[in-house]
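Q: Give the three-dimensional model of this entry:
(2 chains)
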Protein chains: 2
Amino acid sequence: MEATSCPPTTWEATSTMSDTEREVRAGAERARDAAADLAPLSRAVKDEALLAMAEALVSEAESIVAANAEDVERARAGGESEAMVDRLALTAERVGAVADAVRDVAELPDPVGEVVRGASLPNGLELRQVRVPLGVIGIIYEGRPNVTADAAALCLKSGNAALLRGSSSAYSSNSRIVEVLRGALQKTGLPADAVQLVPGTGRDSAQALMRARGLVDVLIPRGGGSLIRTVVTESTVPVIETGEGNCHVYVDASADTEMALAVAVNSKTQRLSTCNTAETLLVHTAVADRFLPRVLAALRDLGVTVHGDDRVRGYDDEAVPASEADWAAEYLSADLAVKVVDSLDDALAHIRRYSTGHTEAIVTDSQSAARRFVSLVDAAAVMVNASTRFTDGGQFGFGAEIGISTQKLHARGPMGLPEMTSTKYVVTGEGHLR
Amino acid sequence: MEATSCPPTTWEATSTMSDTEREVRAGAERARDAAADLAPLSRAVKDEALLAMAEALVSEAESIVAANAEDVERARAGGESEAMVDRLALTAERVGAVADAVRDVAELPDPVGEVVRGASLPNGLELRQVRVPLGVIGIIYEGRPNVTADAAALCLKSGNAALLRGSSSAYSSNSRIVEVLRGALQKTGLPADAVQLVPGTGRDSAQALMRARGLVDVLIPRGGGSLIRTVVTESTVPVIETGEGNCHVYVDASADTEMALAVAVNSKTQRLSTCNTAETLLVHTAVADRFLPRVLAALRDLGVTVHGDDRVRGYDDEAVPASEADWAAEYLSADLAVKVVDSLDDALAHIRRYSTGHTEAIVTDSQSAARRFVSLVDAAAVMVNASTRFTDGGQFGFGAEIGISTQKLHARGPMGLPEMTSTKYVVTGEGHLR
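A: Here you go, the predicted structure:
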């Protein structure tokens, strides 16, 4: 392995640290100081700041849209598609919607201070496990500039300082939005450094953030597979992997085929490129004759290209022959891999092999099949007779979501405000000794 | 940075993989298969296996003690102190105690299957967040061979497969213990690979374990600071940092000095070298005259060397002058750093600077001081009028403890069975679509 591809595992301030690294670390230190001030704040104070942030976004909409226009112009000049440009673009109305989302966060319960468990111990000690902020949360994200304000709001509400590293394509928009948010914070007497944009648009600034172990408590990457993989493997700061979703829908022998048709189609096509979009459909051979022709026709009508095994192609010779790569693929497009399986256990074996641990669904009317599927599938979310598209913080009633974790430690599945906290034990005695 | 000190960030099976690495990875794959079988097991089945394991330890005590004798002989021949040899040594009685501890685990509630939260969503979907095993837990530990059976029992109870990498000094003991445990598992119809000893005693086998990302779900290191640091920085497998404890006791202006005396002395001397042992005593100037002479005398009588700042040395000129290194030191010996502070805020600033996030205690009768201390101290455990020595799973009523985490993600403080689990969401509908 070449030395140049090797991330430092322990950070040492050396004279070889670049200016960018120095800058990023200095920002992380300021974030850490700000976090110490945020930790003990009451919900009332944080909500007041959130409302001020929302107001500021609205009153500064013009300057935000103007900054955004720079990003849009740059994207067009760079030959980006209109679809990409539209994802990037902000209007006064869109800014208003971002502000509303920030106001919504003020309506949510404050996770900080929640007593997770408590007891009076045999010796009379009082034990409480309480939620506390994580401290400094780094968010590395691609795409849309509205993530900037969303993430800042969620971090603040959960008492955390935010270090935001957005995409270079939205740099001007993100910079202006963060400026506006910081101004609002200062007005309400909170430290402006509770929200910072990581300076720089090059790889080195993202890397510096990833190496700020000890200054940054956790990194949450939001974006495509390549970004996630880079952050997960290179970061020395703890990461919450918001991974890919190679989601499966399994139609069991005992499935209601009308229900299965609707669930399969909805799971794939309601949104084609989200992490909870279904990418593979497994069909029990016992329902294949009744079900496959119908679902294949429905998918075709909706413009979905089916990648099928030989048995599926027996029902639809227009289906593209599926290879190993198809079973593993998270298409994020109008494509679906379809396979016939001989049993629930075969479906489970297939899922076990190809699952990315996001969402796996079964359609069945068999109590025992549902129970077995739920018990044996190892994923963030298991659906029984429901679309895979429900794996979402909003849908789960969390009110907000910073991302969907596919890892097992700390948080798994949609992450709301409680997932952005840690806990500490508070033990109170009267001079108790061991 | 030299390439040789660089851990691979993505594992690729290459022809350059050593035999050790291949062996360790193969074991991890077997562990992963075993974990799939353990996940759905009922508590009854797991408890039966635990009792069989305990019985087997007792009936095989002789062979375990014989294997241990090899380790003891090797340690003596290597010039180890009698204290070290004693830590290593197993007798039939000690094996009996280990077996009892395994039986105790069978008495604990099963964390798997606990419904952490649940709700009926507005659209009628039923949402449940349930505890599930993490999967494959790797434990890298130094020292005593009884950790082997303890760790195996806790892993099994929480539905996890265990990959144990003990110290080379206890290799023969650990090998025999694991053999016995595996035999018991097989007898009860469980996969023997639910408990494995990682082969090899060299650094390369530990490193191979640390790099088995994707096969091992989490690594828990148990041992000294050097081991923890190595694992934390080099591992690509998620780690739970069971870190150092530079624990502070702060005696506030409003402290009951009798209570403070007892708490300070107990926190330092009840056990001198545990992670929850106090290593620094901070004394508010307002109680210094009344308190310091007494606590310094008590510490001296107990053979503790005091490392004090100039003000402390004003009360005891035998105190060693304290330097920066003393405030940061986790002595794990009969040494204590002592400092006079001018205010609660100064104490908080000092703790903020030197805390390792383990346990911090305040002795005070001021409600407001206690509240402020609890609110502002960022550590796994905060004590009010109680010894730092209470940070312990047994003391907290958990019944068992795999280690004490000083990190913020996933688990913080003493880790019991629930901390050895993850969760998944189970969503049940009737054909619900988004």
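
Q: wait, what's in contact with A:G202?
A: Each residue near A:G202 by C-beta atoms under 8 Å, 6 or more residues apart in numbering or on different chains is listed here: A:T20, A:S168. The way it works is simple: take the backbone N, C-alpha and C, and place the C-beta from them, glycine included.

Q: Which positions in the stretch 51-200 of chain A make contact with chain B?
A: A:A119, A:L121, A:P122, A:L125, A:L127, A:Q129, A:V132, A:L134, A:G135 (C-beta under 8 Å from any C-beta of the partner chain).

Q: Go ahead and confirm the fifth one touches A:A119.
A: Spelled out, it's A:L127. Yes - look at A:L127 against A:A119 with C-beta atoms under 8 Å: they come within range, at 5.0 Å.

Q: distance of the closest residue to A:M420 other than its chain neighbours from A:I140?
A: Leaving aside its chain neighbours, A:M420 sits nearest to A:S158 (4.1 Å; criterion: C-beta to C-beta, 6 or more residues apart in numbering or on different chains). Remark: distance between A:S158 and A:I140 (C-beta to C-beta, to the nearest Å) = 18 Å.

Q: so who does A:S333 touch?
A: Counting by C-beta under 8 Å, 6+ apart, A:S333 touches A:L272, A:S273.

Q: Could you tell me the phi and psi values at it?
A: Backbone torsions for A:S333, taken as degrees, to the nearest 10, come to phi -160, psi -180.

Q: and it, how far is that from chain B?
A: 19 Å (C-beta to the nearest C-beta, to the nearest Å).

Q: same deal with A:A194?
A: On the measure of C-beta to the nearest C-beta, A:A194 and chain B end up 16 Å apart.

Q: tally of neighbours for that residue?
A: By other C-beta atoms under 10 Å in any protein chain shown, 28 other residues sit near A:A194.

Q: Which part of the stretch 101-250 of chain A gets nearest to chain B, residue-wise?
A: For the stretch 101-250 of chain A and chain B, the shortest gap (C-beta to the nearest C-beta) falls at A:T233, measuring 4.3 Å.

Q: Wait, a helix at that residue?
A: Yes - read with DSSP: H, G, I helix; E, B strand; the rest coil, A:T233 is one of the residues of a helix.

Q: What confidence value was assigned to the closest residue to chain B within the stretch 251-400 of chain A?
A: Minimum separation of the stretch 251-400 of chain A from chain B (C-beta to the nearest C-beta) falls at A:A386, amounting to 3.3 Å. A:A386 is assigned 98 on the pLDDT scale.

Q: Contact partners for the residue nearest to it when sequence neighbours are not counted?
A: Using C-beta to C-beta, 6+ apart and skipping the chain neighbours, the partner closest in space to A:A386 is B:G429 (3.3 Å). Neighbouring residues of B:G429 by C-beta under 8 Å, 6+ apart: A:M383, A:V384, A:N385, A:A386, A:F390, B:G124, B:L125, B:E126.

Q: Would you verify that the third one is located in a strand?
A: Yes - according to three-state DSSP, the state of A:N385 is that of a strand.

Q: Okay, it and B:V115: tell me how far apart.
A: Computed as C-beta to C-beta, the A:N385 to B:V115 distance reads 19 Å.

Q: Pick out whichever of these two has more residues nearby.
A: A count of neighbours by other C-beta under 10 Å puts A:N385 above the other of A:N385 and B:V115, at 22 against 11.

Q: Return the distance of that one relative to A:I404.
A: Taking C-beta to C-beta, one finds A:N385 at 21 Å from A:I404.
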